[in-house]
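Asks: Sharing a sequence plus its predicted fold:
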Amino acid sequence: MNWRAITGALGLMALAGCTTTHEENVVNQVTHNHYAASERVEQETAEAIDTALIAVYAAISGPVGQDRDWDAMRALFTPDARLTAITPRGLMGGTVEDYIARSGPVLVQSGFTERQLDRRLEVYGDLAHAWSSYEGHFTGTDGKPASVRGINSFQLVRQADGRWLVQSIFWQAETPDNPLPDDLSGR
């Protein structure tokens, strides 16, 4: 496998709002990392969104040789969803089907297990934005264990049935010159 394929694949892998005053939003953002007017709504909304985020990470994760459940992944996204990575060569991305076609074989061949380190969450009505730092482990082309960290920016939309679907994921891998911020480092 060539380095361009690995870099591209890694880039592709990393894969009830309430009315409040401005002052309440500032306090909630700083102390709770999300917006909500009540603990009940706050907890339900955060849990529903976390369920979607965890499911996305689970859908792409697995050991070497394990096929992924792409139907399960498709069910987590809106029909016109986009997945885009910032790479050293510029933006790379496309639809969920593009991701599956490009990254699917690499995920199975190299194994890839990704997990959320931490997240920031903002919700407004049926719109949610999650900054989700991640850590992924895989087998490098040299056969040795390798890893990657970065941030996934998830945009989600609440459906009529209350589920949150991913409309887009935009991400960038961590580099020595661009480390994860302290509040998203998983420490």
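Replies: Great, that's in hand.
Asks: what stretches of the protein score poorly on pLDDT?
Replies: Along the chain, segments meeting pLDDT under 70 span 1-41.
Asks: Show me where it has its strands.
Replies: Along the chain, counting by DSSP state E, strands occupy 77-87, 90-94, 112-124, 127-139, 145-158, 164-173.
Asks: Could you export those as TSV, including mean neighbour count and distance to E44?
Replies: Where C-beta positions appear, they are placed from N, C-alpha and C, glycine not excepted. Below are those laid out as TSV (neighbours: other Cβ atoms under 10 Å; distance: least, Cβ to Cβ, whole Å):
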stretch	mean neighbour count	distance to E44
strand 77-87	18	21
strand 90-94	13	31
strand 112-124	19	11
strand 127-139	20	13
strand 145-158	19	11
strand 164-173	20	11
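Asks: D183: which of these is closest?
Replies: The closest of the strands of the chain to D183 is strand 112-124. By Cβ to Cβ, the value is 7.0 Å.
Asks: could you give the angle of that closest one to strand 145-158?
Replies: Strand 112-124 runs at 30 degrees relative to strand 145-158, counting by axes from the mean of the first three to the mean of the last three Cα atoms, to 10 degrees.
Asks: Counting by contacts, list what strand 112-124 packs against.
Replies: Applying 3 or more Cβ pairs under 8 Å, 6 or more residues apart in numbering; DSSP states H and E, one finds that strand 112-124 contacts helix 39-60, strand 127-139.
Asks: quick one, the shortest one and helix 39-60 angle?
Replies: In this case it means strand 127-139. Interaxial angle of strand 127-139 relative to helix 39-60 (the same axes, to 10 degrees): 30 degrees.
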